[in-house]
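J.: okay, predicted coordinates and the sequence, questions at the end:
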Amino acid sequence: MANLYVRAVPPTDLNRNTEWFTYPGVWTTLHRDAFATVVLIKCRVHILEGIMLLGYLIASHTTDYQHPMLFFNTIAVFVLVVAKFPNMHKVRIFGINADQ
């Protein structure tokens, strides 16, 4: 009987870390993640402020709005939000990391 299969030399695997590229659905996932990254980069400032405020709300809720933790969380969020203002760009507080 004739040989039904072509005998070919398997390609040399130079980098075993890229085997996961051959799994089904990997390229779709990579393209989706790349698109999501581009979308997030375009609106990164608003996303970062939203993440800080969301973290504040979650932290406040999980501590049942107890006085000392709510005070510390409020101060921390205030400092982080003020640091994101455009007027604070390259402003050094207390001379930390200032060029001398």
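T.: Here it is on my side, so go on.
J.: where does Ile75 land on pLDDT?
T.: pLDDT recorded at Ile75 is 91.
J.: dump the residue contacts of it.
T.: Residues near Ile75 by CB atoms under 8 Å, 6 or more residues apart in numbering: none. C-beta coordinates here come from the backbone N, C-alpha and C atoms, glycine included.
J.: buried set for the helix or strand harbouring it?
T.: Using DSSP states H and E, the element containing Ile75 is helix 67-83. Residues of helix 67-83 classed as buried: 73, 77, 80 (neighbour count, 16 or more other CB atoms under 10 Å).
J.: separation between the first one and Leu57?
T.: Plainly put, Asn73 is 9 Å away from Leu57 if you go by CB to CB, to the nearest Å.
J.: next one: the second one
T.: Val77 sits at a distance of 9 Å from Leu57 (criterion: CB to CB).
J.: just the CA trace of the helix holding Ile75, in CSV.
T.: Extracted in CSV, the C-alpha atoms of helix 67-83 (Å, rounded to 0.1, in the frame of the first residue of the first chain):
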residue,chain,number,x,y,z
HIS,A,67,-13.7,56.6,62.6
PRO,A,68,-9.9,56.0,62.6
MET,A,69,-9.8,54.0,59.4
LEU,A,70,-12.2,56.3,57.6
PHE,A,71,-10.0,59.3,58.6
PHE,A,72,-6.8,57.7,57.3
ASN,A,73,-8.5,56.5,54.1
THR,A,74,-9.9,60.0,53.5
ILE,A,75,-6.5,61.7,54.0
ALA,A,76,-4.8,59.1,51.7
VAL,A,77,-7.4,59.6,48.9
PHE,A,78,-7.1,63.4,49.2
VAL,A,79,-3.4,63.3,48.8
LEU,A,80,-3.6,60.9,45.9
VAL,A,81,-6.2,62.9,44.0
VAL,A,82,-4.4,66.2,44.6
ALA,A,83,-1.2,64.6,43.3
